[in-house]
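*Asks:* Using only what follows, build the 3D model:
(one chain, ligands or ions: 2)
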Amino acid sequence: MSEVIRLLPDNIANQIAAGEVIQRPASVVKELIENAVDASSSKVELHIKDAGKTSIQIIDNGKGMSAMDAQMCFERHATSKIEAAADLFNLNTKGFRGEALASIAAIAHVELETIEKDQEVGTKIEIAGSKISLQEPCSRANGTSISVKNLFFNVPARRNFLKSDNVETKHIVEEFNRIALTHPEIAFTFSHNGNVIHNLESAGLRKRIVDLFGRNFNNKLVPIEENTDLVNLKGFIVKPEYSKKTRGEQYFFVNNRFFKDSYLHHAVVSGYDNLIAPKHFPSYFIYMDVPSETLDVNVHPTKTEVKFEDQRNIYSILRSTIKLALGKYNIAPSLDFER
Ligand code: ADP
Ligand code: MG
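*Replies:* Ligands and ions are numbered 1, 2, ... in the order given. Next up, the predicted model:
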């Protein structure tokens, strides 16, 4: 018997892709908030029910979509963000794969309402299991609202593997924190089962950190800054005496994107030298800018890893910047006193 090769139908291909991009409710939150930010929103609302298992809604005041785009956005590899391979090395947006909405619509019930700036009529679409069941005009003031219900309704194995509400909520909070820290200039709200968890006004970085993690953070923070040809660094690290036994708030961003990097984490810790006790971790909020052609963000669909061309030099610059900042902080109290 000869084998027959077939192209998979779109709904199955989307469901397979969804397994990569959407692991849990927090993945939906990440993708949808990133889209809202990419749409130049100045305010983004996140509402979840039952840790996102029942529903996740994101409302933005961004540029919205035309009726045609609203339909297109659920197609796989449909993106308005890149056109050519070269664009991959000059990304100004969070998204670029055009996979998120197609994936989400393959494994959940999705309701989209959107209106373009200066238009009178918007578009409403309902889609589930990759099939559009309703498309009609709607009225709304501005921006886009997407609600995602019954996640994994047609992938029972995935649904059964979801953790407790507590654990899933923690993952969502973490995604929310990352994007809220990337964009302190954007106002964000976050509610869970109708209870407001955060109501963050547009702010500078220090205020955003304090609004997210509590007022006691205000006097824990030491600013860092360094500008070189390879990398510009800014942000805050905590004073050594506030390092913790548990992993605390460790945030790296590069070119407006959160990333994880154990090598650079080591650079930070070693910059503290023997100022912190063994097995203690400092919290940090470190923002890097590197020339976009020296950075590859196209490593994994969920994109928390990046590749730097100049990793080793960045390590040294980071480490010495931390040392310098802590040195200044150590003498700063007496300087303050003299003033
Ligand atoms: P990507 O973000 O990688 O382009 P997505 O599947 O997340 O892929 O989104 C597909 C497209 O839908 C985006 O490129 C954008 O044009 C449009 N889109 C999605 N969300 C929004 C939104 N909140 N506001 C305006 N346009 C959006
Ligand atoms: Mg996207």
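*Asks:* got the residue ranges for the helices in the protein?
*Replies:* For the chain, applying DSSP state H gives helices covering 10-21, 25-38, 67-72, 100-107, 156-161, 165-182, 205-213, 262-271, 311-338.
*Asks:* Comparing those helices by mean pLDDT, which bottoms out?
*Replies:* Mean pLDDT per stretch puts helix 10-21 lowest among the helices of the chain, at a mean of 78.
*Asks:* Only the buried residues of that one, if you could.
*Replies:* Buried positions in helix 10-21, judged by neighbour count with 16 or more other C-beta atoms under 10 Å: 14, 15, 17, 18, 21. Every residue, glycine included, has its C-beta placed from N, CA and C.
*Asks:* got those residues as TSV, with distance to ligand 1 columns?
*Replies:* Formatted as TSV, those follow (distance: C-beta to the nearest ligand atom, whole Å):
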residue	distance to ligand 1
14	11
15	15
17	11
18	11
21	9
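*Asks:* Would you point out the most distant pair within the residues you listed?
*Replies:* Using C-beta to C-beta, these reach their maximum pairwise distance at 15 and 21, which is 11.1 Å.
*Asks:* Could you tell me how far the residue of the chain found nearest ligand 2 is located from ligand 1?
*Replies:* Proximity of the chain to ligand 2 (C-beta to the ion) peaks at residue 95, 2.7 Å away. Separation of residue 95 from ligand 1 (C-beta to the nearest ligand atom, to the nearest Å): 2 Å.
*Asks:* Does that residue touch residue 35 like I think?
*Replies:* Yes - Residue 95 lies in contact with residue 35 (C-beta atoms under 8 Å); the separation is 6.1 Å.
*Asks:* Between these two, which has more neighbouring residues?
*Replies:* residue 35 (23 against 19; other C-beta atoms under 10 Å).
*Asks:* and that one, what does it touch?
*Replies:* For residue 35, the contact set (C-beta atoms under 8 Å, 6 or more residues apart in numbering) comprises 58, 94, 95, 100, 101, 144, 146.
*Asks:* Run a quick neighbour tally on the second one.
*Replies:* The criterion is other C-beta under 10 Å. On that basis, residue 94 has 23 neighbouring residues.
*Asks:* where does the chain come near ligand 2, residue by residue?
*Replies:* 35, 95, 100 (C-beta under 5 Å from the ion).
*Asks:* same thing but at 8 Å, please
*Replies:* 31-32, 34-35, 38, 79, 81, 93-101 (C-beta under 8 Å from the ion).
*Asks:* Just give the nearest non-adjacent residue to residue 211, would you?
*Replies:* Nearest residue to residue 211 in three dimensions, chain neighbours excluded: residue 200, at 5.1 Å (C-beta to C-beta, 6 or more residues apart in numbering).
*Asks:* Just confirm that neighbour contacts residue 212, I think it does.
*Replies:* Yes - counting by C-beta under 8 Å, residue 200 does reach residue 212; the two are 7.1 Å apart.
*Asks:* Where does the prediction get shaky in the stretch 1-150 of the chain?
*Replies:* 1-2, 89-90 (pLDDT under 70).
*Asks:* quick one, strands of it?
*Replies:* For the stretch 1-150 of the chain, the strands defined by DSSP state E, counting those that start in this stretch cover 43-49, 55-60, 109-114, 122-128, 131-138, 144-149.
*Asks:* Quick one: closest of those to residue 187.
*Replies:* Comparing the strands of the stretch 1-150 of the chain by C-beta to C-beta, strand 43-49 comes nearest, at 4.4 Å.
*Asks:* The closest one pairs with which strands?
*Replies:* As defined by DSSP bridges, the strand partners of strand 43-49 come to strand 55-60 (antiparallel), strand 187-192 (parallel).
*Asks:* Report the contact partners of residue 126.
*Replies:* Here residue 126 is in contact with 109, 110, 111, 112, 132, 133, 134, 135 (C-beta under 8 Å, 6+ apart).
*Asks:* Include neighbour count when you put those into CSV, please.
*Replies:* Below are these laid out as CSV (neighbours: other C-beta atoms under 10 Å):
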residue, neighbour count
109, 19
110, 24
111, 17
112, 24
132, 13
133, 10
134, 9
135, 15
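*Asks:* I'd like those written out as TSV, with distance to residue 312 added.
*Replies:* Shown next, in TSV, are the contacts of residue 126 (distance: C-beta to C-beta, whole Å):
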residue	distance to residue 312
109	48
110	44
111	48
112	45
132	50
133	54
134	54
135	53
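*Asks:* Closest to residue 70 out of those residues?
*Replies:* Nearest to residue 70 among these, with distances taken as C-beta to C-beta, is residue 112, at 6.1 Å.
*Asks:* picking that back up, and the strands of the stretch 1-150 of the chain as JSON lines, adding distance to residue 304?
*Replies:* Shown next, in JSON lines, are the strands of the stretch 1-150 of the chain (distance: least, C-beta to C-beta, whole Å):
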{"stretch": "strand 43-49", "distance to residue 304": "19"}
{"stretch": "strand 55-60", "distance to residue 304": "20"}
{"stretch": "strand 109-114", "distance to residue 304": "24"}
{"stretch": "strand 122-128", "distance to residue 304": "28"}
{"stretch": "strand 131-138", "distance to residue 304": "32"}
{"stretch": "strand 144-149", "distance to residue 304": "21"}
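*Asks:* Fine by me, thanks again.
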